[in-house]
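> Sequence first, predicted model second:
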Amino acid sequence: MSPETGASRLAAIGVAVELESGNIPLLLHELRHALEALLADGKTHVVDLRAIPLAPGEEDRLLQALGEGELVAEFDAQGRSEIRECRYPGIWRVTHWNTAGELSGRYLEVTFAPTLLASQPQEVRAGLDRLSELLRHGASGSPEPRINGNG
Amino acid sequence: MDFINKTVGESLAARGVSRRGFMKFCATTASLMALPPSLVPVIAEALEKAKRPSVIWLPFQECTGCTESLTRSNAPTLESLIFDTISLDYHETLQAASGFGAEEARSTAMQANWGNYLLAVDGSIPLANPAYSCIGGVSNLDLLRKVAQGAKAIVAIGTCASFGGLPQANPNPTGAVGVRDIIKDKPIINISGCPPLPTAITGVLAQFLVFGELPELDSLGRPKAFFGQTIHDRCYRRPFYERGQFAESFDDEGAKKGWCLFKLGCKGPTTYNACATVKWNMGASFPIEAGHGCIGCSEPRFWDAGGLYEPLSTTSWGGWKSLGVAAAAGAAVGAVAAVAARGKTRDSGQEKQP
């Protein structure tokens, strides 16, 4: 039973889920404080949702409360990952799945831009080397680049 | 054969894992180790340089549930754990080799990594008669002592290896004990549970990998990151306990409303584990969330700790009927003792008479 459908599936068999751990308001206040710190001195903050005891359905309610912003990014590195800005800019929902499609991490990041959105310096260097090599030898392997198709 | 010639970073890069993928791996590893996300850069730096440790896994009197738990570990996946971060050089259930070939693989790994390999053990060890559990004609007791000699540390996986577990339940016909009752000269980490949380297993391995040292342990040798709090401490039903709202039966209104399961035998208040936050089945749920009380499976002798459905407050005595029987028995014993004492006094008096 996935966390996203647990409460609704229980309701379908007549089980009323009326559980509140009381952690949602606390988390929202934590995020508010983190936004203030981000604006004040650029300090970032991460909440690992897997480490917070939440009652069935509470994670859904928390994510609904945070909503969705205008930017969503996906990448595939050892499984799919999604980075989605919430309706409150600066709060990002980062979700990781592994190669088997299983949820492996869910975080709330308070930052101007999540680290994983940015290109990694080591890979930028490696990419620069590959591009330089391409320009030196061209696609056909000849010494002169045939970028514009002339000569 | 050199099993630890590549660092974790080199191993991942060789498999085509991008930097972004590596950082994602580090983030999930931080979660495994119950470390704050702010330490991800520290973990990344450590993993890049860490050598892949050799791990030798020995199964003794076990049901294979602990291996099943490990194979369900989803963060990182078992595949990445085996191929990227550790060198699982011997595991009878997972390895392809068998017979003499498997034994040779184990010996080779031991020789190549003597003093540096991690020894993982699941299952208890029978002491009543070592023949109760043997592998290739070698008793578990002898094999444990032999392989432990070259281990840097021992990870006792599951309640059986940690404390004796189910085989140790009364009357303990095999004389089952945990690793710590036999090995006294090596660091031992107990990852108890029946089975243990898969993330606890991989988290400890990750801790060893990243920091090259054992995690902080509690009084029973369990990593505090996963066993530092009770189920009760982190249970989402705690507010109901505080308000005195208890389910009285498994099908009453309280049960349907998800109230506290203390009166239905939940052992959460006396059980140290991380099930309430880490949960099971990819974080889907855990026993209490599914409507059944905690049975205390990560604690020593939990099988003999009273009925699974008896509240903790009555576990010692087993309820009012047992109290009455105990009282009657005590009175009977006292009466017999009194008669015997009076008899001795009379006899001694007669002997003294001239």
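On my side now, so go ahead.

> CA only for contacts and neighbour counts going forward, please
Will do.

> From chain A, how far out is B:Val138?
38 Å (CA to the nearest CA, to the nearest Å).

> tally of neighbours for that residue?
For B:Val138, the neighbour count with other CA atoms under 10 Å in any protein chain shown is 13.

> residues contacting it?
The contact partners of B:Val138, taken as CA atoms under 8 Å, 6 or more residues apart in numbering or on different chains, number zero.

> On the pLDDT front, check it for me.
With respect to pLDDT, B:Val138 has a value of 89.

> Could you do the one 3 residues further on as well?
The confidence metric pLDDT takes the value 95 at B:Leu141.

> Would you mark the buried spots in whatever helix or strand it lives in?
Using DSSP states H and E, the element containing B:Leu141 is helix B:140-148. Using 16 or more other CA atoms under 10 Å in any protein chain shown as the test for burial, helix B:140-148 gives B:Asn140, B:Leu141, B:Leu144, B:Val147, B:Ala148.

> any idea how far B:Lys184 is from the third one?
By that I understand B:Leu144. Using CA to CA, to the nearest Å, B:Leu144 is found at 12 Å from B:Lys184.

> ok, now the first one?
B:Asn140 sits at a distance of 16 Å from B:Lys184 (criterion: CA to CA).

> Can you report how many residues lie near A:His29?
For A:His29, the neighbour count with other CA under 10 Å is 12.

> Am I right that it is in a helix?
Yes - the assignment for A:His29 (DSSP: H, G, I helix; E, B strand; the rest coil) places it in a helix.

> got the contact list for it?
By CA under 8 Å, 6+ apart, no residues touch A:His29.

> and if you look at B:Gly293?
Contacts for B:Gly293 (CA under 8 Å, 6+ apart) come out as B:Leu261, B:Phe262, B:Leu264, B:Gly265, B:Cys266, B:Lys267, B:Gly268, B:Pro287.

> most surrounded residue in those residues?
B:Leu261 (29 neighbours).

> Can you verify my assumption that that residue contacts B:Glu289?
No - in this structure, B:Leu261 is not within contact of B:Glu289 by CA atoms under 8 Å, at 10.1 Å.

> Please enumerate the strands of chain B.
Secondary structure of chain B by DSSP state E: the strands cover B:54-59, B:87-90, B:117-122, B:125-126, B:134-135, B:138-139, B:151-157, B:176-177, B:188-191.

> just for the chain, where's the confidence low?
Using chain A here. Where chain A drops to pLDDT under 70, the residues are A:1-21, A:139-151.

> Sorry, I should have been clearer: chain B.
The model of chain B has pLDDT under 70 over residues B:1-5, B:32, B:72-87, B:92-97, B:315-354.

> interface residues of chain B facing chain A?
Those residues of chain B that sit near chain A, judged by CA under 8 Å from any CA of the partner chain, are B:17-21, B:23-24, B:27-28, B:31, B:34, B:36-38, B:74-77, B:234-239, B:256-258, B:276-278, B:282-285, B:289.

> Just the buried residues from these, in ChimeraX please.
Here is the ChimeraX command that selects only those of the residues of chain B next to chain A that count as buried (16+ other CA under 10 Å):
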select /B:17,18,19,20,21,23,24,27,28,31,34,37,74,75,76,77,234,235,236,237,238,239,256,257,258,276,277,278,282,283,284,285,289
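
> so who does the closest residue to A:Asn98 other than its chain neighbours touch?
Closest residue in space to A:Asn98, ignoring its immediate chain neighbours: A:Gly79 at 4.3 Å, by CA to CA, 6 or more residues apart in numbering or on different chains. Shown in contact with A:Gly79 (CA under 8 Å, 6+ apart): A:His96, A:Trp97, A:Asn98, A:Thr99, A:Ala100, A:Gly101.

> Strands - which of those residues land there?
Those of the contacts of A:Gly79 mapping onto strands are A:His96, A:Trp97, per DSSP E.

> contacting residues for whichever residue of chain A sits closest to chain B?
Minimum separation of chain A from chain B (CA to the nearest CA) falls at A:Ala77, amounting to 4.5 Å. By CA under 8 Å, 6+ apart, A:Ala77 lies in contact with B:Val17, B:Ser18, B:Arg20, B:Gly21, B:Lys24.
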